[in-house]
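Enquirer: What would the 3D arrangement of this be:
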Amino acid sequence: MSILQIWHDENYPQGLRGTDAPLFPATRASGLERLGRFVPRAGRDYAAGRNSDHGPDGPCAVSRLSPYLRYRLITEQEVVASVLAHHRLTAAEKYVQEVLWRTYWKSWLEMRPAVWSRYVAARDQQRAGMVDLRALADAEAGNTGIEGFDDWARELVATGTLHNHARMWFASIWIFTLRLPWALGADFFLRHLIDADAASNTLSWRWVAGLQTPGRTYLATTENIARYTGGRFAPTGLAREAVALSEPPVAAARAVPELVPPDPVQPAVLLVTHEDLHPETLIPRGHTIKAAIVARDPALLWGDQARRFVAAASTDTAARVGEHFRCGVAITDMLDAQSLIAAAQAAGVRQIVTGFAPVGAVADRLARLVPQLASQGIILSPIRRPWDEQFAPYGTKGFFPFKAHIPAVLQGLGLL
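Expert: Next up is the predicted model:
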């Protein structure tokens, strides 16, 4: 399982070694180019090396596509289709499953949105009640004296990334060795990860802590860290047991909300948020897009590294959207009702279409905007991708029941 998924290239690019080149160039073309380089290694090479973290400048088996997938500069369906065009599912099963952990987490949280609200409340309560502020500051700055942990803390802050296995080790040490509040650890990740994501991050930290699967925890050990870091780190003094945290029961899963499809006869304004930066494959054929707004509101992102990536990716997206839909495109730094109403009125439309926003900051903002738009006779119509539609119903339980449906769903999507 994964604490926020997917790192893989032969080596980290030069940007991590001190040059000015970005580690993740924020364009769709860069994501596709990286995907193309990774695909040949998505089978046996990935399965054999995916757990090994040889350091920022060492060989790496993972794809390092996570930021591109997180903001859907490239989509999960595109990635899996490319991989399965070169490998049989049995050969690339581990990688396909890794991509689908992201889909599973989003599906699971969509059926239990109160878990996100519970996390936000826990984070605020834990921060307000934190007594040993020095211990928290030392953990975030990498000054605990714990080998490996300190290195990962500094690597995360400097680069906005961590290998998936390192994320799990880090979370376990944070919770069970340092005994720091889990929600503040999850918040530390959200504030620094380029691919910060409400579902993957929150639920993975909950899994390590023994909350997601009640009673089941993840314990980082010296032996495991030494093995999968090639002996770089062998920290001493780690917790020898991981006693699961507890919480009130989580409410039963609700049905995934059904969406009213946009009216294809009515022209529309396209709203693009950072939840889906590839609207060219989102909007069904036949829809007339009169104008587009790309909203890159920094208040809806948790950290500066993510904000910089999204700002650059939004510029790339705006250029693609204008060319594809043959319409004017505005980039705005605020997702607000006034801007959307003005755009719709200027275009002479009463419909705004947008990619479905999963549980998180964008979804919360859009929910507040809907009645304001409606008061002006404007309908906001979110569109859910077929990938999400097909997989969402299977997020009711754990990943293993979800996994059993993967072949059939991929076949239904025409990928097998």
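Enquirer: What segments of the stretch 51-200 of the chain are helices?
Expert: 66-70, 76-84, 93-110, 114-129, 133-141, 149-159, 164-172, 182-192, 198-209 (DSSP state H, counting those that start in this stretch).
Enquirer: Need the contact partners of the helix or strand following the last one.
Expert: Remark: after helix 198-209, the chain's next helix or strand is helix 222-228, criterion DSSP states H and E. Outside of helix 222-228, the residues that reach it under the criterion Cβ atoms under 8 Å, 6 or more residues apart in numbering are N51, S52, D53, G148, H165, W169, F233, A234, P235, T236, L238. No exception for glycine: its C-beta is placed from N, CA and C like everyone else's.
Enquirer: ok, V294 touching R320?
Expert: No: in this structure V294 lies outside contact range of R320 using Cβ atoms under 8 Å: 10.0 Å.
Enquirer: Neighbour count: the two, which is higher?
Expert: Taking other Cβ atoms under 10 Å, V294 and R320 do not tie; V294 has more neighbours (26 against 20).
Enquirer: quick revisit: looking at the contacts of helix 222-228, which has the most residues close by?
Expert: When neighbours are counted by other Cβ under 10 Å, W169 leads those with 28 neighbours.
Enquirer: Next one: the closest residue to that residue other than its chain neighbours relative to V349, how far apart?
Expert: Leaving aside its sequence neighbours, W169 sits nearest to A220 (Cβ to Cβ, 6 or more residues apart in numbering; 4.3 Å). The span separating A220 from V349 equals 54 Å under the rule Cβ to Cβ, to the nearest Å.
Enquirer: of these two, who's got more company?
Expert: Legend: neighbour count by other Cβ under 10 Å for A220 and V349, higher for A220 (25 against 20).
Enquirer: could you give the mean pLDDT of stretch 349-367?
Expert: Averaged over stretch 349-367, pLDDT sits at 97.
Enquirer: what's the burial count for P25?
Expert: P25, neighbours per other Cβ under 10 Å, totals 19.
Enquirer: Residue numbering should commence at 31 henceforth.
Expert: In the new count, where the first residue is 31, that last one comes out as P55.
Enquirer: Local confidence estimate at it?
Expert: On the pLDDT scale, P55 is placed at 97.
Enquirer: That one sits in which helix or strand?
Expert: With DSSP H and E as criterion, P55 is part of no helix or strand.
Enquirer: Poorly predicted segments of the chain, please.
Expert: Within the chain, the segments meeting pLDDT under 70 span 31-51.
Enquirer: Partner strands of the biggest strand by length in it and their direction?
Expert: Taking DSSP state E as the criterion, the chain has its longest strand at strand 319-325. Strand 319-325 pairs in its sheet with strand 298-302 (parallel), strand 358-362 (parallel), by DSSP bridges.
Enquirer: And for the last one, what's in contact with it?
Expert: Contacts made with strand 358-362 from outside it, assessed by Cβ under 8 Å, 6+ apart, are listed as 321-327, 344-345, 348-349, 351-352, 369, 373.
Enquirer: Just want the angle from the very next helix or strand once past that strand to strand 319-325.
Expert: For strand 358-362, the following helix or strand on the C-terminal side (DSSP H and E) is helix 367-377. In terms of direction (axes from the mean of the first three to the mean of the last three Cα atoms, to 10 degrees), helix 367-377 departs from strand 319-325 by 160 degrees.
Enquirer: quick one: W332 and R270, what's the gap?
Expert: W332 sits 33 Å away from R270, going by Cβ to Cβ.
Enquirer: Also P97?
Expert: 36 Å.
Enquirer: Looking at these two, which has the bigger crowd around it?
Expert: P97 (26 against 9).
Enquirer: Turn the helices of the stretch 81-230 of the chain into a markdown table, including distance to A59.
Expert: Shown next, in a markdown table, are the helices of the stretch 81-230 of the chain (distance: least, Cβ to Cβ, whole Å):
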| stretch | distance to A59 |
| --- | --- |
| helix 96-100 | 10 |
| helix 106-114 | 13 |
| helix 123-140 | 20 |
| helix 144-159 | 33 |
| helix 163-171 | 35 |
| helix 179-189 | 22 |
| helix 194-202 | 25 |
| helix 212-222 | 26 |
| helix 228-239 | 25 |
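Enquirer: quick one: which of these is nearest R64?
Expert: Closest approach to R64 among the helices of the stretch 81-230 of the chain is made by helix 96-100 (7.2 Å; Cβ to Cβ).
Enquirer: I'd like to know which elements that closest one is packed against.
Expert: The contact analysis (3 or more Cβ pairs under 8 Å, 6 or more residues apart in numbering; DSSP states H and E) places helix 96-100 against helix 58-68, helix 123-140.
Enquirer: what packs against the helix or strand that the first one is followed by?
Expert: Which is helix 58-68. Counting by DSSP H and E, the next helix or strand C-terminal to helix 58-68 is helix 74-79. On a contact count with 3+ Cβ pairs under 8 Å, 6+ apart, helix 74-79 meets helix 123-140.
Enquirer: Counting neighbours, which bits of the helix it packs on end up buried?
Expert: Under the neighbour-count criterion of 16 or more other Cβ atoms under 10 Å, helix 123-140 has 123, 125-140 buried.
Enquirer: got the angle between it and helix 106-114?
Expert: 170 degrees.
Enquirer: how about the helices in the stretch 331-446 of the chain?
Expert: Per DSSP H, counting those that start in this stretch, the stretch 331-446 of the chain carries helices over the ranges 334-355, 367-377, 391-404, 416-421, 429-433, 436-442.
Enquirer: Could you say which of those is packed most deeply?
Expert: By mean neighbour count, with neighbours taken as mean count of other Cβ atoms under 10 Å, helix 334-355 ranks first of the helices of the stretch 331-446 of the chain at a mean of 20.
Enquirer: How about residues contacting that helix?
Expert: For helix 334-355, contacts defined as Cβ under 8 Å, 6+ apart pick out 52, 54, 56-59, 97, 101, 103, 190, 222-226, 300, 302, 304, 307-310, 313, 319, 322, 324, 326, 328, 331, 357-359, 361.
Enquirer: Please repeat the previous calculation with a cut-off of 7 Å.
Expert: For helix 334-355, the surrounding residues in contact (Cβ atoms under 7 Å, 6 or more residues apart in numbering) are 54, 56-58, 97, 101, 103, 190, 222-224, 226, 300, 302, 304, 307, 309-310, 319, 322, 324, 326, 328, 331, 359, 361.
Enquirer: Show me the domain layout of the protein.
Expert: Domains of the chain are assigned by automatic domain parsing as 44-140+432-442, 144-258, 298-413.
Enquirer: I appreciate the help and will end here.
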